[in-house]
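*Asks:* model this:
(one chain, ligands or ions: 1)
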Amino acid sequence: MTVRWDIFCTVVDNFGDIGVTWRLARQLVAEHRCAVRLWVDDLRAFERLCPAIDITLSEQWQEGVQVRHWPKDWLDTEAAEVVIAAFACQLPSAYMDAMAEREVTPLWMNLDYLSAEDWVIGCHGLPSVKYKHVQKYFFFPGFQAGTGGLLREEGLLERRRQFQQDDVAQRIFLQGLGVDRAADTRLISLFAYENTGLASWFDTMAAGPEAFHVLVPEGRVLADVRRWLGDEGVEVGAVHRRGALTVQVLPFIRQDQYDQLLWCCDFNAVRGEDSFVRAQWAARPMLWHIYQQEEDVHLEKLEAFLRLYTEGLCGPAEKAISGLWRAWNAGQDMTGHWKSVCEQRQELAEHAQAWCLEQASRADLATALVKFYRNWI
Ligand code: TRH
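*Replies:* Numbers count the residues shown, from 1 in each chain. So this is what the prediction gives:
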C-alpha cells in the first residue's frame with residue numbers, strides 16, 4: 001500500500017531548505033513509491049531551482065510530488081502517515097491536532113541540518129518532544145555509520161561517471177551555458193556567500209602560471225567578483241579575462257543542471273548543505289563555504305568535517321586543503337593555501353574519489369528514512 005508522507009519546509013533564507021526537501025520528496029516518490037505532499041511557504045525560492053513551478057498555484061504536481069503552498073491561514077487537512085518537519089520548522093497547530101486525531105498515529109520526524117560532529121550519532125533516531133500522544137523523533141543526516149546518511153539518488157554515481165567520461169556530452173552541456181572550455185584550462189565552479197578572501201584567490205590565479213576558468217552562478221558572491229573586476233558589469237554570460245584567469249557569470253540553473261556543472265569542473269567551491277553534498281558526489285576536490293551561525297558554532301562543524309574528510313591524506317595534502325578551507329571561511333588571504341592545494345592536486349583528486357565511494361557505501365538518506373518508518377511500525 002502506498003504510504004503518504006507530508007514534508008514541511010519553511011524557506012529561512014537561501015536555497016538549502018527547499019533544495020534538500022525537494023530532492024528528498026522526489027526520491028521518496030521515484031524510488032520508494034511514496035505519495036508525497038511537499039508544503040513550502042515560499043514558492044519563489046523553489047522556482048529558482050525548479051523553473052517549472054508556478055508560484056501562483058496553491059497546489060500543483062511536479063515530478064510526481066504534490067507541491068502545496070503552505071498558506072499563512074492553514075486550512076484543515078488530513079495528516080499523513082509520515083510527517084517530516086524539515087530543519088525544525090514549526091507545524092501548523094491545526095495540523096498537529098490532525099496528527100493526534102488520526103486513527104493510526106503518524107510517525108513524526110524532524111529532519112535536522114547536516115553535521116559531521118560526533119554527537120550526531122548519539123542523537124540520531126532519539127525521541128524528541130511529544131504533542132498529545134504523538135511522539136516526534138530526531139533524524140540526523142551524517143557522514144558516519146549510525147547517522148541518517150546523505151541524500152543520494154539511485155544510479156547517481158553511475159550517471160556522473162558516464163558524464164565525466166564523455167567529453168562530447170560535457171562540451172554540449174557547457175556550450176548550452178555559453179561556456180567554451182579552452183584546452184589546458186582548469187574549470188572551477190564558485191558558489192559561495194560574500195567573501196573577503198576572494199580577491200586574494202583571484203589575484204593568485206590571475207598571476208598564473210596555470211590557466212583557470214571560474215564559473216560563478218548568480219548569487220551572493222557576485223558583489224566580491226564585481227569589486228575584483230573593478231566594478232565592470234558582471235552580467236550573465238559576460239567573459240572577463242585577467243592574466244591567466246577567466247571569470248564568467250552563469251545564470252542560476254536547474255538543480256539537475258547544477259549537478260552536471262559540478263561534474264564538469266576540476267574544482268568546486270560550494271556552500272551551505274545541499275551543494276556541499278552534491279560536490280562530494282561529483283568526486284572532485286572542493287572548497288566548502290559553511291553557512292555562518294551565531295557564536296561561530298559553524299566553525300566547530302567545519303573542523304568536525306575536516307577531521308573526517310582529511311583522514312588518510314598525507315601531511316602536506318591535509319595541511320593544504322584544511323588551510324584553504326579555514327582561510328576561505330575566515331575571509332582571509334588564500335594565496336599560499338591555493339598554491340599548496342595546486343601542488344597537492346593529484347592526491348586531492350584521488351582522495352575526492354575515495355571519499356565519494358566511501359560515503360556511497362552507506363544507505364542513502366531517503367532509504368534510511370523509509371527503513372526508520374518500517375521499523376517504527
Ligand atoms: O543556498 P544555501 O546557502 O542554503 C543554506 C544552507 O542549506 C544552510 O545550511 C541553511 O541553513 C540555509 O540555507 C538556510 O546552499 P545549499 O544548501 O547548497 O543550497 C543551494 C541549492 O541550490 C542546492 O540545492 C543546489 C541549488 N542550486 C541550483 O539549483 N542551481 C544553481 O545554479 C546553484 C548555484 C545552486
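
*Asks:* Show the pLDDT at whatever residue of the stretch 1-150 of the chain ends up closest to the ligand.
*Replies:* Scanning the stretch 1-150 of the chain for the residue nearest the ligand gives residue 16, at 1.6 Å (criterion: CB to the nearest ligand atom). In short, each C-beta sits where N, CA and C put it, glycine included. As predicted, residue 16 sits at a pLDDT of 94.

*Asks:* for the helix or strand hosting residue 372, packing partners?
*Replies:* Under the criterion DSSP states H and E, the helix or strand holding residue 372 is helix 365-376. Packing partners of helix 365-376 (3 or more CB pairs under 8 Å, 6 or more residues apart in numbering; DSSP states H and E): helix 16-32, strand 82-86, strand 107-111, strand 134-139.

*Asks:* Give me the mean pLDDT for that helix.
*Replies:* Mean predicted lDDT for helix 365-376 stands at 97.

*Asks:* could you dump that helix to PDB, C-alpha only?
*Replies:* Extracted in PDB, the C-alpha atoms of helix 365-376 (Å, rounded to 0.1, in the frame of the first residue of the first chain):
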ATOM      1  CA  LEU A 365      19.000   9.300   3.500                       C
ATOM      2  CA  ALA A 366      15.700   8.600   1.700                       C
ATOM      3  CA  THR A 367      16.200   4.800   2.100                       C
ATOM      4  CA  ALA A 368      17.200   5.300   5.800                       C
ATOM      5  CA  LEU A 369      14.000   7.300   6.400                       C
ATOM      6  CA  VAL A 370      11.800   4.600   4.800                       C
ATOM      7  CA  LYS A 371      13.600   2.000   6.900                       C
ATOM      8  CA  PHE A 372      13.100   4.000  10.000                       C
ATOM      9  CA  TYR A 373       9.400   4.200   9.300                       C
ATOM     10  CA  ARG A 374       9.200   0.400   8.600                       C
ATOM     11  CA  ASN A 375      11.000  -0.400  11.900                       C
ATOM     12  CA  TRP A 376       8.800   2.000  13.700                       C
END
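
*Asks:* buried sites along that helix?
*Replies:* 365-370, 372-373 (16 or more other CB atoms under 10 Å).

*Asks:* In CSV, list the helices and strands packed on helix 365-376 along with mean neighbour count.
*Replies:* Output for the helices and strands packed on helix 365-376, formatted as CSV (neighbours: other CB atoms under 10 Å):
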stretch, mean neighbour count
helix 16-32, 23
strand 82-86, 24
strand 107-111, 22
strand 134-139, 18
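
*Asks:* just so I know, which of the ones you listed lies nearest residue 357?
*Replies:* Between residue 357 and these, the tightest spacing by CB to CB is seen for helix 16-32, at 20.2 Å.
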